[in-house]
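J.: quick one, what's the 3D model for this:
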Amino acid sequence: MTDAPLDLKISVQLPNDHVEALESYFYECEPNPWVLIQKTVADPYYLNGYFNQEDDCTQAIADIKEKFPQLDLSFNKEKLVATEWQNAYKEYVKPWNDRLLHWVPLWAKETYSVPEEGRTIYVDAGMAFGTGCHETTQLCASRLVDFFLSDVTKDNLTMVDAGCGSGILALSARALGFQSIRGFDNDPDAIKVCHDLLNHNPSLNQIEFSVDDLVSGSPEDSIDFLMANIQTNILLPFAEPIIKSLHASAHLILSGILTKEIELLKLHYLEKLNQLRPNAKILTDSREKGEWSDLKIEIIACESEKII
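T.: Below you'll find the predicted structure:
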């Protein structure tokens, strides 16, 4: 019998028609102990939870059942020794890269080989939606790398990760060499996770993290490159303060958007831009990853433009 502390894993197969609602719920609750798993597109979805304490497990199940009373969830429970706990995440949280940007779980730090020109962020595999596994985060990261590799002048740019969650996008910007970087979230627990992630990446310091919302965290005419990996129902009502926070020429990356919502969001932001930046040239682009999409908006100022 091992003396290693025991941890709990619980698991249940999900009906397909409830996956989207659960994913949206977990996406809003960061950090959390839940992981939605689908090994291949032909496989069913499973909801896995990992806990240190029985009481935490019981409370988490109660919260899920209260939030989704229509779901009949009968969880299977098993106890894991510490090494099994760590290995459980390895199956689903793997190193990921987009060109020169590499996100490496801590468990792979000693074995994952980063190319000489690579830029690395070490992530904690226990932070379900903070590891970069989610498609919305990867979409943002890809836009960030695009911008880094572009011919756009990057000196003295102010970059902001709005609704930063674990801060992985802000750290990615720092790893790519950007200097003036801020991240904010309205959840104090998320900001704590940001600082924990910084502790795993001491070379990527000099990032300012704060507890703020989309208004207090985005002063008018203050940002050159803004990433907002937030859900559509938040991006829509805050379009005006988000746009007003941008310099006359700026880049805006919006993610956390279901593909079926992208046209609605795009039209809404174009309408607001027409009101607030009537003389600016606006370029847009969208990409898909799984069921998610992003929206890139580039604002190019004209001489006569004024922010109203």
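
J.: worst mean pLDDT across the helices and strands of this protein, which element?
T.: helix 82-90 (a mean of 63; mean pLDDT, DSSP states H and E).

J.: show me the protein divided up by domain.
T.: If you go by automatic domain parsing, the domain ranges for the chain are 6-90, 96-300.

J.: of the ones you listed, which stretch is the most buried?
T.: Comparing these by mean neighbour count (mean count of other C-beta atoms under 10 Å), domain 96-300 ranks first with a mean of 19. Placement of C-beta: from N, CA and C, glycine included.

J.: residues contacting residue 147?
T.: Residues in contact with residue 147 (C-beta atoms under 8 Å, 6 or more residues apart in numbering) are 154, 225, 251.

J.: ok, what's across the strand from the second one?
T.: Think residue 225. Using DSSP bridges, the beta-bridge partners of residue 225 come out as residue 159, residue 251.

J.: please state the offset of stretch 289-302 from the chain centre?
T.: 16 Å (C-alpha atoms, centre = their mean, to the nearest Å).

J.: meant to ask about stretch 169-181
T.: 15 Å.

J.: for stretch 236-255, same thing?
T.: 17 Å.

J.: circling back to that earlier point, weakest of the domains of the chain by average pLDDT?
T.: The minimum mean pLDDT among the domains of the chain belongs to domain 6-90 (a mean of 79).

J.: and the closest residue to residue 133 other than its chain neighbours, how many neighbours?
T.: Nearest residue to residue 133, sequence neighbours excluded (C-beta to C-beta, 6 or more residues apart in numbering): residue 93, at 5.9 Å. Per other C-beta atoms under 10 Å, the neighbour tally for residue 93 reads 23.

J.: go ahead and confirm residue 93 touches residue 105.
T.: Yes - Residue 93 is within contact range of residue 105, at 5.2 Å (criterion: C-beta atoms under 8 Å).

J.: where's residue 105 relative to residue 122, distance?
T.: Computed as C-beta to C-beta, to the nearest Å, the residue 105 to residue 122 distance reads 8 Å.
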